[in-house]
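Asks: I need the structure of the sequence given here:
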Amino acid sequence: MTMTLLYEAENALEAHMLVDLLAQQHLTARIDGEYLQGGVGEIQTFGLVRILIDRADYESARAIIDAWQTNHATPTDVVQETANSHPKKTVQMFKWILSCGLGFMLGAFFMYQYFDQPIYIDGIDYNQDGVRDETWFYSGERFIRAEIDRNFDGEVDIISHNNRLGLASFARLDDDFNGTFETIINYKQGSAILSRSDTNGDGFKNYEVKYQYGVVDRVRFLDKHTSQPIKVQYFNLGGLYKDEVDTNRDGTLDTVNKFDAFENIINTSVK
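Replies: Modelled structure (predicted):
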């Protein structure tokens, strides 16, 4: 996976907000430069927080960021436009914008006080080798992120991000432990709802799992060139009971297989 610069955020709060916005569209972004190492621990930086994205997802992510920026015009833009089109109302409009800007600044200040708390780090060493295998990051009392090394090789293979309520929002996983985060899982109200994986390292997420309340409901195998499913598997209590297959790759799932409790085919039909 090749990461490229997508956006330079004003601060960590804005960066986390935009990463969550991208995650809602199933795009995986990474925050770089969120904290600098200081003499008393990690300190937050301002104006140096960068959002990185997989190069394959850059165009889609850029469109989302551009739309977000368009919807967040600055007061200066509004004053200039008003002055050009309605010269006689410029002063009144400026006063109105100044009042709104003051209210916004006060709101931003209190949000900053709430969200931008000192970072506290804790964790657990499962194999007792003196190195944390699971690390938890808190902003004040708010749980914001977890990093996990499942195979004890010293490399993080799960990074889980939480929303402002402390609930899991999305996670990136390296399930083959090769140093590449090939899987992203999205959560809703604390439960997994969708995971997407690149199983062959070509940059396309070809394996998709949908969940119902955190339980596997169906699996889709996607064609890289069309993004259409080649096969869809259906599960109940973890067991495969049916699949639909596109046997001739024309974009239509034309064959249905049904399975018994041991996942042996018991019936095949053509749709």
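Asks: low-scoring stretches of the stretch 101-250 of the chain, by residue?
Replies: Residue ranges of the stretch 101-250 of the chain with pLDDT under 70: 102, 106-118.
Asks: can you pull out the helices in it?
Replies: Remark: no helices are assigned in the stretch 101-250 of the chain by DSSP state H, counting those that start in this stretch.
Asks: quick one, strands of it?
Replies: 119-124, 134-139, 142-148, 158-162, 168-173, 183-188, 191-197, 207-212, 215-222, 229-236, 239-245 (DSSP state E, counting those that start in this stretch).
Asks: So for N11, which of these sits nearest?
Replies: Within these, the stretch nearest N11 is strand 134-139; the backing value is 12.3 Å (CB to CB). Where you see a C-beta, it was placed from the backbone N, CA and C, and this is true even at glycine.
Asks: May I have the residues that are in contact with the residue nearest to R150 when sequence neighbours are not counted?
Replies: Computed as CB to CB, 6 or more residues apart in numbering, the closest residue to R150 that is not its neighbour in sequence is D157, at 5.5 Å. The contact partners of D157, by CB atoms under 8 Å, 6 or more residues apart in numbering, come to I148, D149, R150, N151, L173, D174, D175, F177, F181.
Asks: How many residues are close by the nearest residue to the last one once chain neighbours are set aside?
Replies: Just to be clear, that refers to F181. Nearest residue to F181 in three dimensions, chain neighbours excluded: R172, at 4.1 Å (CB to CB, 6+ apart). Residues near R172, counting by other CB atoms under 10 Å, number 20.
Asks: what's near enough to touch R172?
Replies: If you count contacts by CB under 8 Å, 6+ apart, R172 has them with T28, I158, I159, F181, T183, I184.
Asks: do you know how far the third one is from F177?
Replies: Using CB to CB, to the nearest Å, I159 is found at 14 Å from F177.
Asks: Same question for the last one.
Replies: Taking CB to CB as the measure, I184 and F177 are separated by 17 Å.
Asks: which one of those two has more residues nearby?
Replies: Neighbours per residue (other CB under 10 Å) separate I184 from F177, with I184 holding more: 19 against 12.
Asks: Skipping adjacent residues, who's closest to that one in space?
Replies: T28 (4.6 Å).
Asks: Make sure the one you found is actually in contact with D54.
Replies: Yes - T28 is in contact with D54 according to CB atoms under 8 Å; the separation is 6.5 Å.
Asks: neighbour-wise, which of the two wins?
Replies: T28 (25 against 20).
Asks: what's the helix or strand for A61?
Replies: helix 58-70 (DSSP states H and E).
Asks: Show me the contact partners of that helix.
Replies: T4, L6, Y7, L18, L21, L22, Q25, L27, A29, I53.
Asks: Now the buried members of these.
Replies: For the contacts of helix 58-70, a burial check counting by 16 or more other CB atoms under 10 Å picks out L6, Y7, L18, L21, L22, L27, A29, I53.
Asks: Okay, and the closest residue to the first one other than its chain neighbours sits in which element?
Replies: With sequence-adjacent residues excluded and distances taken as CB to CB, 6+ apart, L6 is closest to I53, at 4.3 Å. For I53, the host element (DSSP H and E) is strand 49-54.
Asks: repeat for H26
Replies: Residue-wise, H26 maps onto no helix or strand under DSSP H and E.
Asks: dump the residue contacts of it.
Replies: Residues in contact with H26 (CB under 8 Å, 6+ apart) are I184, N186, L194, R196.
Asks: Equivalent analysis for G238, please.
Replies: Contacts of G238 (CB under 8 Å, 6+ apart): V215, V216.
Asks: before we move on, what about I31?
Replies: So I31 contacts A12, A15, H16, V19, V49, R50, I51, L52 (CB under 8 Å, 6+ apart).
Asks: can you check D149 too?
Replies: V131, R132, D133, E134, E155, V156, D157.
Asks: ditto for V216
Replies: V209, K210, F235, G238.
Asks: Over to G123?
Replies: The contact partners of G123, by CB under 8 Å, 6+ apart, come to R132, D133, E134, T135, W136.
Asks: May I see those residues arranged in JSON lines, with neighbour count as well?
Replies: Shown next, in JSON lines, are the contacts of G123 (neighbours: other CB atoms under 10 Å):
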{"residue": "R132", "neighbour count": "16"}
{"residue": "D133", "neighbour count": "19"}
{"residue": "E134", "neighbour count": "16"}
{"residue": "T135", "neighbour count": "17"}
{"residue": "W136", "neighbour count": "18"}
